[in-house]
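Asker: sequence first, predicted model second:
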Amino acid sequence: MDYAFLPPEINSARIYSGPGPGSLLAAARGWDAVATELTSAAVGYRSVISSLTAMYWWGPASVSMLATAGPFVEWLETTAAQAKESADQSRAAAAAFEQAHAMTVPPAVVAANRTQLKALIASNFFGQNTAAIAATEAQYAEMWAQDAAAMYGYASNSAAATALTPFSSPELSVDPDGVVAQSAAVSQAAGGGSAGNTATVLSWLASLAPEALQAVQDWPNILPDDFTILDAIFAVYATVGVSQDVESFAAGIIGPRTTWACSAPPKIQPSCCRPASPRSSQRPKAVLAQGCPVW
């Protein structure tokens, strides 16, 4: 954009009404944090690699690990440097804005110059304000040039600050086709194994089916042809009911018998319950306890 063709009212209003350098400084702090994290990760990787190699971890596995982790550590260090560069350039862009803001004429000064010019022209009846009008116009021309120079410098500095180095992705340590092929092989193996097991079980059950059918056919037909599941349920229910009736009948016989035997006094005392002779008065309890029926 050719800022020399724009009056100071426009250039000054643009630079003063912008968002300011706050967003650029926040971006710089964010890039600093990213650079710190990447640097810490790279240092950690190198420390782990050095520890493993110092512990005599040699052989094909060690070589493969170094071949894979080495480029990744280098990428971390390179990306950390680029993040640091981005932070510095964000701060440079903020500094360029602050410089342009300081060089630009404040809009209030430009407006005051235009107001003064109008007043001088309005009161210049006899040409007495001609010199003052010329001086006011000269000041306005200086403001125009100053704003144009500030905007040109800001455009140049901000363009240099935003010329960032493109970031690159880390190299792949595995073959994507190999990962897909491995996943497909695992799925196929799992599916084939379950299908094979299912087929084996089904074939085994099919081999047992003829024997089971033959055993059923050889079983004697002791049930009528019109026997149904309802007949079986009623038969079980009737059996349970008969069992309960028999138990109730037995309880009815035994219960009164026991009560009569324990409550009614016998008309004739058995010999075991007769009073003991004087000779055995020392052991009356033992005599009474022998052979007495207990109901």
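Answerer: Great, that's in hand.
Asker: going forward, measure contacts and count neighbours with C-alpha atoms only.
Answerer: Noted.
Asker: which is the next helix or strand following the helix or strand hosting Ala112?
Answerer: Ala112 belongs to helix 107-122 when elements are defined using DSSP states H and E. Once helix 107-122 ends, the next helix or strand along the chain (criterion: DSSP H and E) is helix 130-161.
Asker: the inter-axis angle of that following helix versus helix 107-122?
Answerer: Interaxial angle of helix 130-161 relative to helix 107-122 (axes from the mean of the first three to the mean of the last three Cα atoms, to 10 degrees): 160 degrees.
Asker: residues in contact with Ala13?
Answerer: Shown in contact with Ala13 (Cα atoms under 8 Å, 6 or more residues apart in numbering): Pro107.
Asker: and it, what element?
Answerer: Using DSSP H and E, Ala13 sits within helix 8-16.
Asker: give me the buried positions along that helix.
Answerer: Neighbour-count burial for helix 8-16 flags Pro8, Glu9, Asn11, Ser12, Ala13, Ile15, Tyr16 (criterion: 16 or more other Cα atoms under 10 Å).
Asker: how about stretch 103-115?
Answerer: Within stretch 103-115, the residues that qualify as buried by neighbour count (16+ other Cα under 10 Å) are Met103, Thr104, Val105, Pro106, Pro107, Val110, Asn113.
Asker: thought the second one was touching Ile15?
Answerer: Put plainly, it is Thr104. Yes - shown here, Thr104 and Ile15 form a contact pair, counting by Cα atoms under 8 Å, at 7.5 Å.
Asker: that older thread, export the buried residues of helix 8-16 as TSV, with columns for pLDDT.
Answerer: What follows is these, written out as TSV (pLDDT from 0 to 100):
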residue	pLDDT
Pro8	96
Glu9	96
Asn11	96
Ser12	96
Ala13	95
Ile15	93
Tyr16	95
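Asker: out of the residues you listed, who's nearest Ala54?
Answerer: For those, the minimum distance to Ala54 (Cα to Cα) is 59.4 Å, reached by Ile15.
Asker: spit out the contact partners of the closest residue to that closest one other than its chain neighbours.
Answerer: Counting by Cα to Cα, 6 or more residues apart in numbering, Ile15 lies nearest to His101, which is 6.2 Å off, once chain neighbours are set aside. His101 sits next to Ile15, Tyr16, Ala150 when contact means Cα under 8 Å, 6+ apart.
Asker: mind checking the SS state of His101?
Answerer: Secondary structure state of His101, per DSSP: H, G, I helix; E, B strand; the rest coil, is helix.
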